[in-house]
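1. Provide a 3D model corresponding to the input given below.
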Amino acid sequence: MTGAESQIVIVLGIDPGLANTGYGVVARRDGRLVALDGGVIQTRAGVAQERRLTDIHAAVDALLLEHEPDAVALEQLYFGQNVRTAFAVGQARGVVMLAAGQHGVPCASYTPQQVKGAVCGSGRAEKDQVARMVKALLGLVEEPRPDHVSDALAVAVCHVNCAPLNTATMLARAIP
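-> Numbering: from 1, shown residues only. I've put the predicted structure just below:
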């Protein structure tokens, strides 16, 4: 492996959901962030939930094979007022983690506030601000749409920027 190759880190970011699972693939090359891919895995209402989860798993499996990421970063479950939605999001997160585990790819989770803080500098940033910052950080021509893609790219950026610090902090704590 050359020195340049050792500098590349690829992260698959996921904004989980049963109807719409956003994904974004971000690479860090020599200190620069680059978007490699992004989109939405959609499943249809009215289809059996187990079928929808199977479809999400298959699509994430294909993304893992295509991009061979070093890590999968997921947005943590946000418990709003709709418990049913929270369970569906949790199940979507589970099949994403299963796919990553089957490929031996480690997973990390970040709260929406952590993602917003890493991308915008404030955990209270609005969705449109996150989209603008993702565009700027990744050098995109336009803001990623829909929001699921923007959010997934933001999760990947969060991991790329936070993972080295988290590793260094863990190592520092391990030293007596």
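2. how about the helices in the protein?
-> Remark: helices assigned in the chain by DSSP state H are 3-6, 49-67, 83-102, 112-120, 127-138, 147-174.
3. Need these in TSV (columns: distance to residue 77 and mean pLDDT).
-> (Each C-beta comes from the backbone N, C-alpha and C, glycine too.) Rendered in TSV, the data for the helices of the chain read as follows (distance: least, C-beta to C-beta, whole Å; pLDDT from 0 to 100):
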stretch	distance to residue 77	mean pLDDT
helix 3-6	34	48
helix 49-67	15	98
helix 83-102	5	93
helix 112-120	10	94
helix 127-138	18	96
helix 147-174	13	74
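4. what would those look like in CSV with mean neighbour count and distance to residue 33?
-> Listed next are these as CSV, based on neighbours: other C-beta atoms under 10 Å; distance: least, C-beta to C-beta, whole Å:
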stretch, mean neighbour count, distance to residue 33
helix 3-6, 8, 16
helix 49-67, 17, 15
helix 83-102, 17, 21
helix 112-120, 20, 11
helix 127-138, 18, 6
helix 147-174, 19, 6
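5. TSV for those helices, including distance to residue 23?
-> Formatted as TSV, those follow (distance: least, C-beta to C-beta, whole Å):
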stretch	distance to residue 23
helix 3-6	24
helix 49-67	6
helix 83-102	9
helix 112-120	14
helix 127-138	13
helix 147-174	5
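6. Out of those, which is closest to residue 28?
-> Among these, the nearest to residue 28 by C-beta to C-beta is helix 147-174 (4.9 Å).
7. So residue 87 versus residue 43, what's the distance?
-> 15 Å (C-beta to C-beta, to the nearest Å).
8. and what of residue 146?
-> Distance from residue 146 to residue 43, by C-beta to C-beta: 15 Å.
9. quick one, which of those two is more surrounded?
-> Legend: neighbour count by other C-beta atoms under 10 Å for residue 146 and residue 43, higher for residue 43 (20 against 12).
10. Now that one. Nearest residue, chain neighbours left out?
-> Once flanking residues are discounted, residue 43 sits nearest to residue 52: 3.8 Å by C-beta to C-beta, 6 or more residues apart in numbering.
11. correct me, but the one you found touches residue 17?
-> No: checked against C-beta atoms under 8 Å, the pair residue 52 and residue 17 is beyond contact range at 10.3 Å.
12. wait, isn't residue 137 in contact with residue 32?
-> No: using C-beta under 8 Å, residue 137 is not in contact with residue 32, being 9.8 Å away.
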